[in-house]
Every structure is written in C-alpha cells, then in structure tokens.
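*Asks:* kindly generate the corresponding structure for this input.
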Amino acid sequence: MRTADQITVEGENSLQITWQEESTSYREEDHYFVTVDGEAQPLDTGLVEDFLYTLSSQDLTEYMTYNAGEDDLATYGLDDPERTITLDYTTEDEDGNETAHTVSLAVSRAPAERWDDTQADAETETGEEEEVTAYARVDDSPIIYKITTQEYRALMDASYDTLRHKEILPADLENVSQVDVTLDGTSYTVTASGEEEERIWSYGEQELETSDLPDALQALTADSFTGEEPTGQEEISFTLHLSLEGEPTVSIQFYRYDGTYCLAVVDGQPTALVPRSQVVDLQEAVYAVVLGES
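*Replies:* Numbers count the residues shown, from 1 in each chain. Purely as a prediction, here's the structure:
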C-alpha cells in the first residue's frame, strides 16, 4: 500500500506559487511578489510564508486509495477542483547543481456541498461558517485525502488581496523626511530627521514631544481591498516625501465611506477600506500637533 504523500517546500534559490485562475507569485531575494496587470506588486513575506507553512503542515493522515477503474474523482469533486496550487522551485546540491521540482495540490469540497453564489452570500451575511467536507490530492497521486474545514479555508483563502501588505503606507517611516497634511481645507507640514532612537519629528521649529502622529500613520491598515471610486467627502489627505533615490513622493487621501470605514486612495488609485477609527486617530494627532499639544 502506498504511504501518505508529503508536501515539501525546500527551494532556496527560486520559488513560484501559482493559484488556479490567479497570477503567479515568485520569490526574489527573500521577498515575494505577484504580477498584477503586468506589474510586479509586493506581497507580505510573513503572510506568504504562513501560507507555505499551511501547505507543508497539512495533516494528511485520513485518506483513501483512488483507483481510476473503481472510484471516480468526481466523487470527491477533484475531477474539477475548486483550486489547484502549484509550486515550482529549485534546489541546489553541495556541488552547486540545481534541480527543478514541481508539486501541485488540488483542493475541493464534496460535490454535494459546493455552494452557489446565493449560499455563499447568505453565509457572509450571517457570519456563520459551516463545517464542510473537503478533499485534496497531491499531483497525480492515487491517494485522496480528507482535510479539515480549517485547512480547506486556509488553502482557499490565498489570493493577492489576502497575501498583500495590509499597511496603507507603502514605505517605512524611517524613510519619510516630510509629511504635507491637508485637514479641513488647511495645509500643514511636518518634517522628520535623524535615525532610529535619534529620529526627531518637528512642526516648524517645534519638536514634537510625542510619537502620536507617526504612530497614527503607521497604524493605518486595510480591513479589505477595493477599487471602488470615492463618493463621500475627503476626511484628510497627506503627501509623504521619501529620502530615497529620486526623492519620490506618495499621496494618500481618505474619504468618508460609511460610519465604520474610510476609503483610502493611494497615488490616485482607490485601494482599501480602512477603519474609520484609525483615520480619526490620525486627525486628532494632526490637531494636537498644530495646536501645540504634541
């Protein structure tokens, strides 16, 4: 009898991850990227590595043998899997010789449990996640694995939006030399200089006594991503000046979306919904600076 398969991810030199109907992501110098509309977009390395851990740590212990003449893959939904994840990577031996590897994992719920859009929307509205019966198959293995609901959801949840950086600021604060803020129709400029513990933020000639403003900037994170155009009023906007080659700038505007969220527009592109509480914290931090309370 064939023993259970194992998913291993051991490539040190190159790695590509392809999701069915998704773009291919790749690793370059320990950073992960995905090609979106022909452009390389960074992914959150920690989130990608968590996903790879999910792959490699699958508890593939409950399984049955698949025989083409006796059992049909359709019984498990694997004749047309909901998701196929393919890893392409290379390894290098002690002599420097590289070997290419490919491993794929097909994942699907049992056919009787596949939801249509109406059922999926109903689950989203109620907030309830039902237990599902799900299966997986490694490459063309004759073994079918039954996986847990949690494993199924983790594998199905991987996408550009779930693995991309959630931070709204596309730069480290240590590279920010100036922040131009517009709030209630008035513009203000805050500057930053120095490194690490010696870094100083100033408004005019006044050094800021607290880190509330940079902390509020750093705390801005996406709750979800969207390309929806703003329709509400602008709450606050700012331009970051970066002390990098070419002295690039990044502009970010926040628009009222509803009572819970604001819509972030980064360099003219609608990007994400951000908790309104974070935007309020940023506004209050700016007010404290210009009123001399910071």
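
*Asks:* from here on, contacts and neighbour counts on C-alpha atoms
*Replies:* Fine.

*Asks:* for Y203, give me its contacts.
*Replies:* T189, V190, T191, V289, V290 (C-alpha atoms under 8 Å, 6 or more residues apart in numbering).

*Asks:* pretty sure the second one is touching E207, no?
*Replies:* No - in this structure, V190 sits apart from E207 without contact. The criterion is C-alpha atoms under 8 Å, and the distance is 9.7 Å.

*Asks:* all strands of the stretch 101-250 of the chain, in order?
*Replies:* With DSSP state E, counting those that start in this stretch, the ranges of strands along the stretch 101-250 of the chain come out as 134-138, 143-147, 176-183, 186-193, 200-203, 206-207, 224-225, 234-242, 249-256.

*Asks:* next, format these as TSV and append distance to T54.
*Replies:* Below are the strands of the stretch 101-250 of the chain laid out as TSV (distance: least, C-alpha to C-alpha, whole Å):
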stretch	distance to T54
strand 134-138	13
strand 143-147	12
strand 176-183	35
strand 186-193	40
strand 200-203	41
strand 206-207	46
strand 224-225	22
strand 234-242	36
strand 249-256	34
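
*Asks:* adding mean pLDDT and distance to D157, write those strands out as TSV.
*Replies:* As requested, the strands of the stretch 101-250 of the chain are exported to TSV (pLDDT from 0 to 100; distance: least, C-alpha to C-alpha, whole Å):
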stretch	mean pLDDT	distance to D157
strand 134-138	90	14
strand 143-147	89	15
strand 176-183	95	34
strand 186-193	94	39
strand 200-203	94	40
strand 206-207	91	45
strand 224-225	94	13
strand 234-242	96	32
strand 249-256	96	27
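
*Asks:* which residues does H241 contact?
*Replies:* By C-alpha under 8 Å, 6+ apart, H241 lies in contact with V176, S177, Q178, V179, E247, P248, T249, V250.

*Asks:* swap in P270?
*Replies:* Per C-alpha under 8 Å, 6+ apart, neighbours of P270: T226, G227, E228, E229, P230, L263, A264.

*Asks:* so where's the protein uncertain?
*Replies:* Within the chain, the stretches with pLDDT under 70 are 1-15, 19-24, 58-61, 66-71, 115-129, 293-294.
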